[in-house]
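Engineer: I need the structure of the sequence given here:
(one chain, ligands or ions: 1)
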Amino acid sequence: MDPCQSTSSREEARRAALRQEQAHLTRLYTRLDAVRERAETALREAHGRGGGGTRQALIEREVTAEEQARLVARFSSVERGLCFGRIDHRDGESFHIGRIGLRDEEHEPLLIDWRAPAARLFYTATPQTPGSLVRRRHLHTRDRTVVGVEDEVFDLDGLTEEDRRTLVGEAALLAALRRGRTGRMSDIVATIQAEQDQVIRSGLAGVLVVQGGPGTGKTVAALHRAAYLLYTHRDTLARRGVLIIGPNPTFLRYIGQVLPSLGETDAVPATVGELFPGVRATETEEPSAALLKGDPRMARLVAEAVRDRQRTPRDGDGLRVEVDDMELRVGQDVCRRARDRARGLRKPHNIARKLYVNDVLKDLALDQARRLGRPPLDDEDVRYARASLWAEPTVRAAIDRLWPYLTPQRLLTELFADPAALQRVARRAGLGPDEARTLLRPATTRWTVSDVPLLDEAAELLGEDDSAARALERVAAEERRAEERYAQGVLELTGLSEQGFLDARALAERHRDPGARLTTAERAWADRRWAYGHVIVDEAQELSAMAWRMVMRRVPTRSLTIVGDVAQTSDPAGARSWAEMLDPYVGGRWRETRLLVNYRTPAEIMEVAADVLAEVAPGQQPPESVRDGGTPPRAVRMATAELPEGLPRLVEAERAAIGEGRVAVITARSRVAEVRAALPDLPSGATPEALDSPATTLTTTEAKGLEFDAVIVVDPDGIVADSPKGGHDLYVAVTRATRRLTVVHHGELPSMLGRLRRVRG
Ligand SMILES: Nc1ncnc2c1ncn2[C@@H]1O[C@H](COP(=O)(O)OP(=O)(O)OP(=O)(O)O)[C@@H](O)[C@H]1O
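Structural biologist: Numbering: from 1, shown residues only. The predicted model follows:
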């Protein structure tokens, strides 16, 4: 802003800038309406063409319909905030920046996609390093109207006379940060900061770790990175998909709108508890069990559990089976040899089982022939006899006892419910008797989040007998190649290959059968062995060593973005350092970016959080707040007996204080029942309504990654005492607030919260 401008000339400048930008915005929306209309018409026509015609016509119609539907969805998703910025270059060229790229009828650019290289300076230019920019302008719009503009001038002399007259200044970022929370994370395309831009546009290959304190925009930057990578590497990533791992279902709902609002739908969100198809675990373990189940020694335990199911008969007589009133026998030594031979294959248990079964069946067949007085069997006779013996339920049952076909679920359910087997297997895996007892539980217990990596580990070691499927797949692969060659021809004919939305393989896949019409996300979701093109792990500090083993199997290319804060680790099996977690997989070949500015929590609250951090993780640096908050954070003393009356009163007062925003009451897992009883009308953090309600109750675990206008933390001592990482949980809890923080305590206020202003309840 030009300091010499008087108030009235500033107002005049503002109005002129608004008029200028409104004219361009109107043009943009007119163009958006036109391209959307065209896509809708094309879609209607494609649907209207009926089912007849040649194969070529059928494929063309399919291509058109799918692509036009995709375009309609994309154009509709960018309606809000279509254009949010403009950059002016020294050579007089100027570009408007928006959610998507648009060109006019003459193919001249009207709007540059925020992810395109031409938009980069909008995010990275600073007064020290402006590049070729003379000005950056932020546009504030409501529906299709420009309601504000804000300029940063890098070179006043570089502006034209008219531009100088329309200079306007106002902090776009701070305006965005002060907005009341809606219960859903919003995109930040308009205000991405330079340090975040580096994260977003970092290359696809390799492992990028984004370490940063609470509120530094790690999550939001990672989501924009997903959108950027999908835009820049669409060919690879649209086919293989991007997996986004978050700490719990509420968090995934919280971030769920960001990518669709950026026009991207190819990402697959999941918690660790959902990564094993067919199991959807949400419950967590007691800290001691969670710690043990996350320990890398569990990989050995699972391996030993599998070996334990590859047995030889205990009876010195070997295997004895009744078939047609005759007892057949196979000696113990023969069974042992068959077992050793099958193990020697070094194949998964269920695959190696075939060899074992064949060996034992052969000996049973020989024994049967001997007992029936038949002449020696040739190979053909053996094959026949084996097949008919395998059809006998008694034979199957006997062999199953020695080398059963196992699913991961069966293996672990039976292991955890069998004290003797657990002790035996644990001893062989190097675990102590007490540790084995920690794992013991009834067979009816539901799967927990910590069980899921163990199921995945078991699935790797057990394998599936898919030889028949593989034979079919070989035939299908040849057919597929022929279809792709054909589809490539169609794409070239329709010109769609140039637009880059679809490639021959994707087209051939979609056309082949109804199953293939599933989206990438749907196919990936159902397939445990799906290899993603890129994986983003949020709140990554919470993942145990066993969970990392599972995640790494999902991304053999090791193209990952790992987002987290080791100072916020609350899972007992979580990370103490990134090196400890990552080195086993990439041997030191990972790059780290640190985000240092807190965009969420006002400075007054962050000072309190910094005291907590100094106590629980000395040496860790808290991030610096970008803004002051006004309301000093406070402590309210309330006896436990007063909670039923005092808490609802407090929640009401906070709601009144913040107006439109959201209130959260956060407490320890051990206190949450009591707190929920005092606030029966509030939904709990684990329910789908939690985010849409004006107020909610959460445990510290459920509050991970979320934010609220006002936060009431109940019983800080209880939070600290609740688990070995309780201090870190308290740090998480006090850093969830965007405006107001209240701590409710019944005893003495912990000294690390001494900075809070004490008030009466
Ligand atoms: N450049 C930005 N412009 C506008 N808002 C931003 C920007 N960067 C971050 N924010 C906002 O700051 C808040 C915190 O961001 P985010 O949740 O991504 O932080 P985080 O580092 O993941 O935090 P935590 O570790 O505590 O979960 C969000 O409301 C986010 O939208």
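
Engineer: can you give me the neighbour number for residue 145?
Structural biologist: Counted with other C-beta atoms under 10 Å, the neighbours of residue 145 add up to 11. Glycine gets a C-beta too; all of them are placed from N, C-alpha and C.

Engineer: mind checking the end-to-end distance for stretch 286-305?
Structural biologist: Taking C-alpha to C-alpha, to the nearest Å, stretch 286-305 runs 23 Å from one end to the other.

Engineer: what of stretch 425-437?
Structural biologist: Taking C-alpha to C-alpha, the first and last residues of stretch 425-437 lie 12 Å apart.

Engineer: please begin residue numbering at 28 from this point
Structural biologist: Shifting the count to begin at 28 puts that one at stretch 452-464.

Engineer: chain center to it, what's the gap?
Structural biologist: Relative to the mean C-alpha coordinate of its chain, stretch 452-464 is positioned 33 Å out (C-alpha atoms, centre = their mean, to the nearest Å).

Engineer: repeat for stretch 701-713
Structural biologist: Worked out by C-alpha atoms, centre = their mean, stretch 701-713 lies 27 Å from the chain centre.

Engineer: buried residues in it?
Structural biologist: 701-703, 705-706, 709-713 (16 or more other C-beta atoms under 10 Å).

Engineer: what residues does this structure put near the ligand?
Structural biologist: Contact residues, the chain versus the ligand (C-beta under 6 Å from any ligand atom): 200, 203-204, 212, 215, 218-220, 223, 239, 241-247, 592, 595, 626-627, 732, 734, 762.

Engineer: which pair in the buried residues of stretch 701-713 spans the largest distance?
Structural biologist: 705 and 713 (17.8 Å; C-beta to C-beta).

Engineer: confirm residue 392 sits in a helix?
Structural biologist: Yes: assessed with DSSP: H, G, I helix; E, B strand; the rest coil, residue 392 lies in a helix.

Engineer: what sits closest to it if chain neighbours are left out?
Structural biologist: Nearest residue to residue 392, sequence neighbours excluded (C-beta to C-beta, 6 or more residues apart in numbering): residue 412, at 3.6 Å.

Engineer: contacts only, for the one you found.
Structural biologist: Residues in contact with residue 412, defined by C-beta atoms under 8 Å, 6 or more residues apart in numbering, are 388, 392, 395-396, 404.

Engineer: for the host helix or strand of it, which positions count as buried?
Structural biologist: Assigning secondary structure by DSSP states H and E places residue 412 in helix 406-417. For helix 406-417, the neighbour count (16+ other C-beta under 10 Å) marks 409, 412-413, 416 as buried.

Engineer: point out where this protein drops to low pLDDT.
Structural biologist: Scanning the chain for pLDDT under 70 picks out 28-37, 76-83, 183-207, 492-503, 505-507, 509-545, 657, 788.

Engineer: related to what we said a few turns ago, for the residue nearest to residue 392, give its distance to residue 419.
Structural biologist: 11 Å (C-beta to C-beta, to the nearest Å).

Engineer: again, but for residue 490
Structural biologist: 26 Å.

Engineer: skipping adjacent residues, who's closest to residue 340 in space?
Structural biologist: Excluding the flanking residues, the one nearest residue 340 by C-beta to C-beta, 6+ apart is residue 346, at 4.9 Å.

Engineer: what residues are bridge-paired with that neighbour?
Structural biologist: residue 357 (DSSP bridges).

Engineer: is it true that it touches residue 425?
Structural biologist: Yes: using C-beta atoms under 8 Å, residue 346 is in contact with residue 425, at 6.0 Å.

Engineer: so the two - more neighbours on which side?
Structural biologist: residue 346 (24 against 20).

Engineer: so who does that one touch?
Structural biologist: 340, 356-357, 359, 362, 387, 391, 425-426, 429.

Engineer: what's the answer for residue 671, then?
Structural biologist: By C-beta under 8 Å, 6+ apart, the neighbours of residue 671 are 704-705.

Engineer: domain-wise, how is the protein divided?
Structural biologist: Using the TED database, the domain ranges for the chain come out as 30-207, 234-303+555-625, 314-480, 630-787.

Engineer: okay, now the residue nearest to residue 573 when sequence neighbours are not counted: neighbour count?
Structural biologist: Spatial nearest neighbour of residue 573, chain neighbours left out: residue 480 (3.9 Å); criterion: C-beta to C-beta, 6+ apart. The local packing of residue 480 (other C-beta under 10 Å) involves 29 other residues.

Engineer: and residue 480, that one's in a helix?
Structural biologist: Yes: under three-state DSSP, residue 480 falls within a helix.

Engineer: rewinding a little: got TSV for the domains of the chain, with distance to residue 547 too?
Structural biologist: Below are the domains of the chain laid out as TSV (distance: least, C-beta to C-beta, whole Å):
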stretch	distance to residue 547
domain 30-207	13
domain 234-303+555-625	4
domain 314-480	22
domain 630-787	25
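
Engineer: list the contacts for the closest residue to residue 717 other than its chain neighbours?
Structural biologist: Once flanking residues are discounted, residue 717 sits nearest to residue 723: 4.4 Å by C-beta to C-beta, 6+ apart. Counting by C-beta under 8 Å, 6+ apart, residue 723 makes contact with 689-692, 709-712, 717.

Engineer: endpoints of stretch 621-631, how far apart?
Structural biologist: End to end - C-alpha to C-alpha - stretch 621-631 spans 23 Å.

Engineer: gap between it and the chain center?
Structural biologist: 23 Å.

Engineer: list the buried residues of the helix or strand where residue 223 lies.
Structural biologist: Counting by DSSP H and E, the element that carries residue 223 is helix 221-227. Within helix 221-227, the residues that qualify as buried by neighbour count (16+ other C-beta under 10 Å) are 222-227.

Engineer: closest one to the ligand out of those residues, please.
Structural biologist: residue 223 (5.6 Å; C-beta to the nearest ligand atom).

Engineer: isn't that closest one right up against residue 248?
Structural biologist: Yes: with contacts defined as C-beta under 8 Å, residue 223 counts as touching residue 248 at a distance of 4.3 Å.

Engineer: overlap of the contact sets of these two?
Structural biologist: residue 622.

Engineer: list the contacts of residue 782.
Structural biologist: Here residue 782 is in contact with 634-635, 638, 660 (criterion: C-beta under 8 Å, 6+ apart).

Engineer: at 10 Å instead, please
Structural biologist: 631-632, 634-639, 659-660, 662, 776 (C-beta atoms under 10 Å, 6 or more residues apart in numbering).

Engineer: repeat for residue 340
Structural biologist: Applying C-beta under 10 Å, 6+ apart to residue 340 gives the contacts 346-347, 356-359, 361-363, 425, 428-429.

Engineer: recalculate using a threshold of 7 Å.
Structural biologist: By C-beta atoms under 7 Å, 6 or more residues apart in numbering, the contact list for residue 340 reads 346, 359, 362, 429.

Engineer: may I ask which of the residues you listed has the most neighbours?
Structural biologist: Busiest of these [other C-beta under 10 Å] is residue 346, holding 24 neighbours.

Engineer: distance of that one relative to the ligand?
Structural biologist: 58 Å (C-beta to the nearest ligand atom, to the nearest Å).

Engineer: same question, residue 231
Structural biologist: Taking C-beta to the nearest ligand atom, one finds residue 231 at 21 Å from the ligand.

Engineer: same check on residue 645?
Structural biologist: Taking C-beta to the nearest ligand atom, one finds residue 645 at 20 Å from the ligand.
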